[in-house]
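Asks: What follows is a protein structure lacking sequence information:
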């Protein structure tokens, strides 16, 4: 009898549905992990820098506002227990495919962008952590790109394996992330018990800006609210939840409560251990102020080697949940005929939306490559339309640039003036002069090439950027024919 019911539940209109495997426990950890994510490492220091010791207050206000939003989602998710979340609700409300597509498009873009960014951050943190242990580990942009792509493919493989495996993997990541936060909270309170912290700071308002308390708390609440609305991603998993009408309301509100308690305890630990003036400027900006709490409370702990790996799990959890959300949203919209029906195909045995997973993974991989390529070519792109002009007006090639991966052309460099003595104050070189015209590169004695308005400096700025493949250029210091000095002119 139960087998017959399961077979009936697995089909609807000749289409195979997703597999319902998530109970209250799995759903709760999914919601808590989604709300915490990697944001807890970043927003805590920003909020504390804005309002000082009362950093816990914006989280309380944000919790109240997020709870109102959660009630709206619970009303809709119990009425329409299907994948696609906000896009499905817009479709049911208006019935206009274009409006539904816009909602789905924006939500999918936000999810894929967040997952791609998280993958790139995970790759960087992982390589940094491995480099702390073994200095031979490469940490360049190419290595980070490869690790990010491999991680995204791993997420796709787990997602294709089935929602049960995906959710269990999410549970492991969430538990590790919560353990890391528990360590921070425990060390913070331990430092206060030894006298290295002052709990009285938790009631002192000390804004780093000129705002009053109401304005500062409002700004900080806006930041805290957007770090707590991760629960909305869980509604896309409703079609894989057992008895969603019964367990979803209780589980979502419980997850919100657990998350806000963790946020408040972390905020109290930060403001009690770290002085207000040091919160806004942590020693390690990537790790945030939480690392400073551990340094103060447990100076003997080799946290510099441990913390990058802890953030890896938090970032991986964020990426996994976003990819789960995006694939289920695409699947749900295809099932509603808003997107091509082919995107709603499900694996017969695993009953995972394989076409939607492949589609979203391809978008994420393309975005990772695009962002990595654009960041690596920032310097080359700035010089990509210029050609070098050698002394005497002869086109030359750049040779011997340290670390240069290519030979960028300098096509837009101002051509040598044919009348070198026409304007005063120009630097005269053999065969012409480069005048200080606005918006063009000009030659500066003893300083190489500097930039006029609208251009970047070639040597002083671009060569300092990470991954830059351009060396500082200097004009040859010699006296050209005719006794003309490059410093003083004729």
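Replies: Noted; the coordinates are in hand. The shown structure was predicted, so the numbers you read here are calculated from the model rather than taken from an experiment.
Asks: now the longest helix along the chain: mean pLDDT?
Replies: Scanning the chain for the helix with the most residues, using DSSP state H, yields helix 97-133. Averaging pLDDT along helix 97-133 gives 85.
Asks: what do you get for stretch 162-180?
Replies: The model assigns stretch 162-180 a mean pLDDT of 87.
Asks: Show me where the stretch 251-400 of the chain has its helices.
Replies: Counting by DSSP state H, counting those that start in this stretch, the stretch 251-400 of the chain has helices at residues 276-279, 289-297, 303-335, 354-376, 378-383.
Asks: got those as JSON lines, with mean neighbour count and distance to residue 216 columns?
Replies: Glycine gets a C-beta too; all of them are placed from N, C-alpha and C. Below are the helices of the stretch 251-400 of the chain laid out as JSON lines (neighbours: other CB atoms under 10 Å; distance: least, CB to CB, whole Å):
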{"stretch": "helix 276-279", "mean neighbour count": "17", "distance to residue 216": "13"}
{"stretch": "helix 289-297", "mean neighbour count": "24", "distance to residue 216": "17"}
{"stretch": "helix 303-335", "mean neighbour count": "26", "distance to residue 216": "27"}
{"stretch": "helix 354-376", "mean neighbour count": "19", "distance to residue 216": "33"}
{"stretch": "helix 378-383", "mean neighbour count": "18", "distance to residue 216": "35"}
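Asks: Run the angle between the longest helix of the chain and helix 303-335 for me.
Replies: Orientation check (axes from the mean of the first three to the mean of the last three CA atoms, to 10 degrees): helix 97-133 against helix 303-335 gives 160 degrees.
Asks: Now render the helices of the stretch 251-400 of the chain as JSON lines, adding distance to residue 233.
Replies: Shown next, in JSON lines, are the helices of the stretch 251-400 of the chain (distance: least, CB to CB, whole Å):
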{"stretch": "helix 276-279", "distance to residue 233": "30"}
{"stretch": "helix 289-297", "distance to residue 233": "24"}
{"stretch": "helix 303-335", "distance to residue 233": "4"}
{"stretch": "helix 354-376", "distance to residue 233": "13"}
{"stretch": "helix 378-383", "distance to residue 233": "32"}
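Asks: mind putting the ones you listed in TSV, distance to residue 148 and mean pLDDT included?
Replies: Formatted as TSV, these follow (distance: least, CB to CB, whole Å; pLDDT from 0 to 100):
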stretch	distance to residue 148	mean pLDDT
helix 276-279	31	72
helix 289-297	23	81
helix 303-335	10	84
helix 354-376	5	87
helix 378-383	18	35
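Asks: Mind checking those for the one nearest to residue 213?
Replies: helix 276-279 (14.4 Å; CB to CB).
Asks: Quick check: which ranges of the protein have low pLDDT?
Replies: For the chain, the stretches with pLDDT under 70 are 1-16, 132-140, 277, 280-288, 303-304, 308, 375-490.
Asks: residues in contact with the closest residue to residue 163 other than its chain neighbours?
Replies: Closest residue to residue 163 apart from its sequence neighbours, by CB to CB, 6 or more residues apart in numbering: residue 240 at 4.7 Å. Residue 240 sits next to 18, 19, 20, 21, 22, 83, 163, 328 when contact means CB atoms under 8 Å, 6 or more residues apart in numbering.
Asks: Quick check: which of the helices of the stretch 251-400 of the chain is nearest to residue 126?
Replies: helix 303-335 (5.2 Å).
Asks: So which elements touch that closest one?
Replies: Helix 303-335 makes packing contacts with helix 24-36, helix 40-51, helix 86-94, helix 97-133, helix 141-161, helix 163-193, helix 289-297, helix 354-376 when contacts are defined by 3 or more CB pairs under 8 Å, 6 or more residues apart in numbering; DSSP states H and E.
Asks: Present those as JSON lines; the columns should include distance to residue 324.
Replies: Listed next are the helices and strands packed on helix 303-335 as JSON lines, based on distance: least, CB to CB, whole Å:
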{"stretch": "helix 24-36", "distance to residue 324": "9"}
{"stretch": "helix 40-51", "distance to residue 324": "20"}
{"stretch": "helix 86-94", "distance to residue 324": "15"}
{"stretch": "helix 97-133", "distance to residue 324": "9"}
{"stretch": "helix 141-161", "distance to residue 324": "6"}
{"stretch": "helix 163-193", "distance to residue 324": "6"}
{"stretch": "helix 289-297", "distance to residue 324": "26"}
{"stretch": "helix 354-376", "distance to residue 324": "9"}
